[in-house]
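> Output the structure for:
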Amino acid sequence: MKNEILLKIILIFFLTQYISLAQPRFGNNIKTKIEVRVEKLANNYFQYKYKIRVDSSSSQPLVAYTVEIGINNREDFNKILTDSILIKNWGCSKITNLSEKPPNFKGAEVTWVPLDTLELNSKNEIIVPNAIMPGYSIALHLITQSLPIIGRCWSLGLYEPYDESEIDTLLTQGYNESDLFKPWYSNALMGVTLCSYFPPSQFSAPAIFDTLISNIDKAHKLCWINKVEKKDIYLSTILKAKAAIEQSNNALARYYLKSVLQDVDLDSTSVLTSEAYALIKYNTEYLLNKIPIADPITKDLFPSITTTKTKEFTLSINGNNFTPASVIYFNGHLKKTIFVSGSLLTTELTKKETLEAGSYKVYIMNDEGNASGNLYLMIHKNLPEEVIPVLNCIEELGKDKYRAWFGYENKNDGSVLLDQESENKFDPAPLDREQPKIFLKGQFAKIFFVDFEGNQKIIWKLVNGKAKASKDSPRCK
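Okay, here's the model as predicted:
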């Protein structure tokens, strides 16, 4: 029993000694909540409106707030405006040449502090009259030409500085000076907020796209985008825009960027916080303003030649700078257009539209009001040049079975559509043996094959030409 009492006395003694030991003091024992709204001003300036609320449970009031800004050079630094910003007797300053830089320093930082001197209260404690006390908030503004980006911020709480005797005591207790005097960024509470950055002076679309993509993913993790499916839609659309740029399709990139802006405005209250809204909207607008409007480019029609015997068929237009909003005009009439890709559009032509021989103008109009050059679909009563069917060779398959390989030579100046049985058929039936209906300009060998029995002769009839195959035809080498 006596031993137990003795042990308790020793334990109480050591606990009392431990509690009475001096402790290092820092400015990071503060709790804050930060909200940001960004307003676009004239001349590509933005006003960042920070609202910093000190939580009612915080053990320290707020005496400094810092955000980082990404800059490339001194010219960028000069575009950060800190003059005439005075809110609740707080002032703002910007610094680039820091003696103590946080890891991965972005180039500059802006700090707001109260514009008053330290005072002592009746208990000889240091106070800052304009410090933001727990349960209260302050609005701090910054004007700059830099774009929104997710970055770091630091909230500094008020704490009592050491006197000389405290320093000596702490060093005696085994602390080092590095334990007592931390760099400013370690001494304050670090958080994540909407900061800003200056894009490179030499515009690089891929770099801006990559920055935006990574920040949208971060914004979702910060709960700034509250639905994962919406985050995925934004990422998918922006990735499509980036791919279009990589394919030199400015029109398609602009189409997808405008789609992002439409979604941002629709989602601004229900899905996005003010931070996510500014992040996506203003970076997307920057890209849209930097990527020039591009005319649709038409390269060729497929087919580009046919005859009056043709009925309805699909007309394809190859080119670039096509978008889902691009439309085809045929013979002066707007056509229902199918967007296949940024380089391919199609439309259906009816027999009525191709009934008469002639030259029919085809062009593309994009949603930004710009048109392509003209192409022409040539419709003839009879082809100006021959399309000649060719038997290339036959293969023996065994058991008196053979395979005939066919090709063709198109002497016309363009691709030719021959899709009617009167112009393109086999004898004997079936008339359609999956032979081509559209013939590219030039000579082409072994395009398709037809299997037949040794007692058969098969004939491919193309307009006025014929290609015959039998078991006695030349063998393939």
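> Below-threshold pLDDT in the protein: ranges please.
Counting by pLDDT under 70, the chain contains low-confidence ranges at 1-22, 83-88, 116-127.
> Quick check: can you list the domain ranges of it?
Following automatic domain parsing, one gets these domains for the chain: 24-167+183-197, 205-290, 297-380, 387-469.
> centre of the chain versus the third one, how much separation?
This points to domain 297-380. Centre-to-centre, domain 297-380 and its host chain are 31 Å apart (CA atoms, centre = their mean, to the nearest Å).
> now the last one
Centroid displacement of domain 387-469 relative to its chain, using CA atoms, centre = their mean, is 48 Å.
> can you check the first one too?
From the chain centre to the centre of domain 24-167+183-197 is a distance of 31 Å (CA atoms, centre = their mean).
> Compute the first-to-last residue distance for it.
35 Å (CA to CA, to the nearest Å).
> What residues of stretch 333-346 count as buried?
335, 337, 339, 342-343, 345-346 (16 or more other CB atoms under 10 Å). (C-beta placed from N, C-alpha, C; glycine too.)
> so which of the residues you listed comes closest to residue 60?
residue 342 (56.2 Å; CB to CB).
> And that closest one, how far from residue 322?
Between residue 342 and residue 322 the distance is 5 Å, computed by CB to CB, to the nearest Å.
> cool, and residue 268?
Distance from residue 268 to residue 322, by CB to CB: 30 Å.
> before we move on, what about residue 309?
For residue 309, the distance to residue 322 - CB to CB - is 31 Å.
> Check residue 450 too.
37 Å.
> So which of the two has more stuff around it?
Each of residue 450 and residue 322 has its neighbours counted (other CB atoms under 10 Å); residue 322 has more, 28 against 20.
> Surely the more buried one is within a helix?
No. Counting by DSSP: H, G, I helix; E, B strand; the rest coil, residue 322 is located in no helix; its state is coil.
> Secondary structure element holding the nearest residue to residue 427 once chain neighbours are set aside?
Nearest non-adjacent residue to residue 427, counting by CB to CB, 6 or more residues apart in numbering: residue 459, 4.6 Å away. Using DSSP states H and E, residue 459 maps to strand 458-462.
> Mind listing what's buried along the helix or strand just after that strand?
Heading C-terminal from strand 458-462, the first helix or strand you meet, by DSSP H and E, is strand 465-469. Within strand 465-469, the residues scored as buried using 16+ other CB under 10 Å are 467, 469.
> Within the sheet, what are the partner strands of strand 465-469, with directions?
Next to strand 465-469 in the sheet, as set by DSSP bridges, lie strand 458-462 (antiparallel).
> in the strand it pairs with, what's buried?
458, 460-462.
> same check, this time on stretch 397-407
402, 404-407.
> how about the strands of the stretch 1-150 of the chain, start to end?
Counting by DSSP state E, counting those that start in this stretch, the stretch 1-150 of the chain has strands at residues 32-40, 46-54, 62-70, 80-81, 90-95, 107-114, 119-120, 126-127, 137-144, 147-157.
> got a list of contacts for stretch 132-145?
In this structure, residues lying in contact with stretch 132-145 by CB atoms under 8 Å, 6 or more residues apart in numbering are 31, 41, 43-63, 65, 67, 69, 79-82, 85, 87-88, 90, 92, 110, 112, 196, 198.
> hmm, I was thinking of stretch 435-442
By CB under 8 Å, 6+ apart, the surrounding residues in contact with stretch 435-442 are 302-303, 387, 406, 408-410, 412-419, 424, 426, 447-448, 460.
> again with stretch 383-399
Against stretch 383-399 from outside (CB under 8 Å, 6+ apart): 305, 307, 402-413, 416, 418, 439, 445-446, 451, 460-469, 471, 473-477.
> ranges for the helices of this structure?
2-20, 74-78, 164-172, 177-180, 184-187, 205-221, 228-246, 250-267, 274-290 (DSSP state H).
> mind giving me JSON lines with these and columns for distance to residue 100 and mean neighbour count?
Listed next are those as JSON lines, based on distance: least, CB to CB, whole Å; neighbours: other CB atoms under 10 Å:
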{"stretch": "helix 2-20", "distance to residue 100": "32", "mean neighbour count": "9"}
{"stretch": "helix 74-78", "distance to residue 100": "18", "mean neighbour count": "14"}
{"stretch": "helix 164-172", "distance to residue 100": "20", "mean neighbour count": "13"}
{"stretch": "helix 177-180", "distance to residue 100": "12", "mean neighbour count": "11"}
{"stretch": "helix 184-187", "distance to residue 100": "6", "mean neighbour count": "17"}
{"stretch": "helix 205-221", "distance to residue 100": "26", "mean neighbour count": "17"}
{"stretch": "helix 228-246", "distance to residue 100": "36", "mean neighbour count": "17"}
{"stretch": "helix 250-267", "distance to residue 100": "38", "mean neighbour count": "20"}
{"stretch": "helix 274-290", "distance to residue 100": "28", "mean neighbour count": "21"}
